[in-house]
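>>> Turn this into a structure:
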Amino acid sequence: MLKKDQAALETEHTVNSSSYLYMAQELSHKKWKLCFSDGRARQPRVVTIDARDLQGMKEQIEKARKRFGMEAGVKVRSCYEAGRDGFWLHRFLTGKGIENVVVDASSIEVNRRSKHAKTDRMDAEKLVRQLIRYVQGEQTVWSVVRVPSVEAEDARQVHREMEILKKERRSHRARMESLLITHGIDIQVKSQFLKELDGLKIWNGEPVPEQLKARLVREYERMRAAEADLRILKKQQQEQVREAKTPAIEKVKLLQKLCSIGMTSSWTFVMEFFGWRTFENRRQVAGALGITPMPYQSGESRREQGISRSGNRRIRAMAVEIAWMWLRLQPDSKLSQWYQARFAGGGPRMRRIGIVAMARRLMIDLWRYLETGTVPEGARMKAA
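Numbers count the residues shown, from 1 in each chain. Got it, this is the predicted structure:
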């Protein structure tokens, strides 16, 4: 009886596995490795095509179907690692009726030996084996990336460009101040810098050298260009909040009603996180943030490894920053009182640990606020 059950199980496994053509893609700048399998214990078919050769990919899919003796209409299941190519390939594949998943590269199983063989071919073969396990129901074999819509991805461009421009502005200002300090001049670069530059004297009372002065002028003009672009984007943001009526913009307005949350944080929270993702519970919110605890326990050995840091780094950094603001501007809220009672009396390290825990709770509260309208307990709203 046991042998019959085992035979039936193997037959079912073969039928389920062969109902799809599996394709794993190892992407690089110039060449792509495509690995095909029918889900059985056969040697997979690995081919190389030019990067972004979509016609060549379709031809290889048809050749793989013939290679494994499959009908022309058999469905294709595919996967590739999230990376520099983004999501355009996913949209192409799904548009052609191919069921594709984009995989978080850090969640893929690896050999823990200090030295192990690694090639693109081996990576592609490993991906296709894990894809088969995933399709057959082993959902924890890896983490699947949520793919935003084209509109949601495009909405990220404004605040991400502003983030880059702010870094450029800081970089230019720091570089000018550093150049001046090497000649004994300690000043802050402000709006009247060019007027002040002609009157500056170096350590021995002489004027700033000509080549250095010319470089400082060019550096200052680049900083002003970044500031001009930043002003344009800020104006664009304000116009969208004032005029647009999309669900995402409505969430931005809703968040701005809370004290301690302004334009930058509300826009980032919505466009990166709350505007297009759906969450079923608080654990999913924390997991997407990367603020979930990572305990380690083996035998008698137990320790905490900190947070996972596997989520959206922009949102995680902004959440911690807003948690500090929440403490200052929302002192009577339940969340602030919880932090004060548990962490405020500790040292700097405990307070830093506590603010991350508070950021996690705050983001869960904001998620509930946007989904159900439940205001965080004790929180103050801005005057209308």
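>>> Going by C-alpha atoms from here, please, whenever you check contacts or count neighbours.
Noted.
>>> separation between the spatially most central residue of the chain and Gly184?
By CA atoms, centre = their mean, the chain has its centre lying nearest to Asn312, at 3.8 Å. For Asn312, the distance to Gly184 equals 42 Å [CA to CA, to the nearest Å].
>>> For the helix with the most length in the chain, give the mean pLDDT please.
The longest helix of the chain (DSSP state H) is helix 210-243. Averaged over helix 210-243, pLDDT sits at 96.
>>> From here on, call the first residue 120.
Got it, first residue is 120 now, which makes that one helix 329-362.
>>> Determine the set of other helices and strands touching that helix.
If contacts are counted by 3 or more CA pairs under 8 Å, 6 or more residues apart in numbering; DSSP states H and E, helix 329-362 sits against helix 276-300, helix 366-375.
>>> looking at those helices, which is closest to Pro163?
helix 276-300 (40.0 Å; CA to CA).
>>> any residues touching the closest one, and which ones?
Contact partners of helix 276-300, identified using CA atoms under 8 Å, 6 or more residues apart in numbering, comprise 305-308, 335, 338-339, 341-342, 345-346, 348-349, 352, 356, 383, 386-387.
>>> Just the residues contacting the helix or strand following it, thanks.
Next helix or strand after helix 276-300 toward the C-terminus (DSSP states H and E): helix 312-316. Applying CA under 8 Å, 6+ apart, the set of residues contacting helix 312-316 from outside is Val327, Lys332, Val336.
>>> List the contacts of the first one.
Each residue near Val327 by CA under 8 Å, 6+ apart is listed here: Leu316, Asp317, Leu319, Lys320, Ile321.
>>> So the third one is in contact with Ile306, correct?
So the one you mean is Leu319. No - using CA atoms under 8 Å, Leu319 makes no contact with Ile306, being 9.7 Å away.
>>> so how far is stretch 280-292 from its chain's centroid?
Distance, stretch centre to chain centre, for stretch 280-292: 20 Å (CA atoms, centre = their mean, to the nearest Å).
>>> To clarify, my last question referred to stretch 488-496.
25 Å.
>>> Same question for that stretch: list its buried residues.
Tyr488, Leu489, Pro495 (16 or more other CA atoms under 10 Å).
>>> quick one: contacts for the first one?
Going back to what we said before, that points to Tyr488. Val494, Pro495.
>>> which of the contacts of helix 276-300 count as buried?
Buried among the contacts of helix 276-300 by 16+ other CA under 10 Å: 308, 335, 338-339, 341-342, 345-346, 349, 352, 356, 383, 386-387.
>>> Quickly name whichever of the residues you listed is closest to Trp445.
Using CA to CA, Thr383 comes nearest to Trp445 of the buried ones among the contacts of helix 276-300, at 14.8 Å.
>>> Just give the nearest non-adjacent residue to the closest one, would you?
Nearest residue to Thr383 in three dimensions, chain neighbours excluded: His278, at 7.9 Å (CA to CA, 6 or more residues apart in numbering).
>>> Under the pLDDT cut-off, which ranges of the stretch 320-469 of the chain? List them.
In the predicted model of the stretch 320-469 of the chain, no residue satisfies pLDDT under 70.
>>> at 90 what do you get?
Applying pLDDT under 90 to the stretch 320-469 of the chain flags the ranges 409-431, 464-465.
>>> ok, which stretches of this structure are strands?
Here the chain has its strands, by DSSP state E, at 139-146, 150-156, 164-169, 194-200, 218-222, 412-417, 420-426.
>>> Relative to Ala274, which of the ones you listed is closest?
When the strands of the chain are compared by CA to CA, strand 218-222 sits nearest Ala274, at 20.6 Å.
>>> so that closest one versus strand 194-200, what angle?
Interaxial angle, strand 218-222 versus strand 194-200 (axes from the mean of the first three to the mean of the last three CA atoms, to 10 degrees): 20 degrees.
>>> Kindly export strand 218-222 (C-alpha atoms) in PDB.
C-alpha atoms of strand 218-222 as PDB (Å, rounded to 0.1, in the frame of the first residue of the first chain):
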ATOM      1  CA  GLU A 218       3.700  34.400 -15.100                       C
ATOM      2  CA  ASN A 219       6.800  36.100 -13.700                       C
ATOM      3  CA  VAL A 220       8.200  36.800 -10.300                       C
ATOM      4  CA  VAL A 221      10.900  39.300  -9.400                       C
ATOM      5  CA  VAL A 222      13.000  37.900  -6.600                       C
END
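>>> How about residues contacting that strand?
By CA under 8 Å, 6+ apart, strand 218-222 touches 195-201, 209, 212-213, 261-266.
>>> Please list only the buried members of those.
Neighbour counting by 16+ other CA under 10 Å classes Val195, Arg196, Ser197, Cys198, Tyr199, Glu200, Ala201, His209, Leu212, Trp261, Val263, Val266 among the contacts of strand 218-222 as buried.
>>> okay if I get those as a markdown table plus distance to Phe187?
A markdown table is the format used below for the buried ones among the contacts of strand 218-222 (distance: CA to CA, whole Å):
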| residue | distance to Phe187 |
| --- | --- |
| Val195 | 13 |
| Arg196 | 15 |
| Ser197 | 16 |
| Cys198 | 19 |
| Tyr199 | 21 |
| Glu200 | 25 |
| Ala201 | 28 |
| His209 | 24 |
| Leu212 | 21 |
| Trp261 | 26 |
| Val263 | 27 |
| Val266 | 31 |
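>>> if we can go back for a sec, which of the helices and strands packed on helix 329-362 has the highest mean neighbour count?
helix 366-375 (a mean of 18; mean count of other CA atoms under 10 Å).
>>> which one of the buried ones among the contacts of helix 276-300 sits closest to Thr238?
The shortest approach to Thr238 among those belongs to Thr387, at 38.3 Å (CA to CA).
>>> and the residue nearest to the closest one when sequence neighbours are not counted, how far is that from Gly430?
Of all residues not flanking Thr387 in the chain, His278 sits nearest, at 6.8 Å (CA to CA, 6+ apart). Distance, His278 to Gly430, using CA to CA: 18 Å.
>>> repeat for Arg470
Separation of Arg470 from Gly430 (CA to CA) stands at 22 Å.
>>> Could you do Glu280 as well?
Noted for Glu280: a distance of 20 Å to Gly430, by CA to CA.
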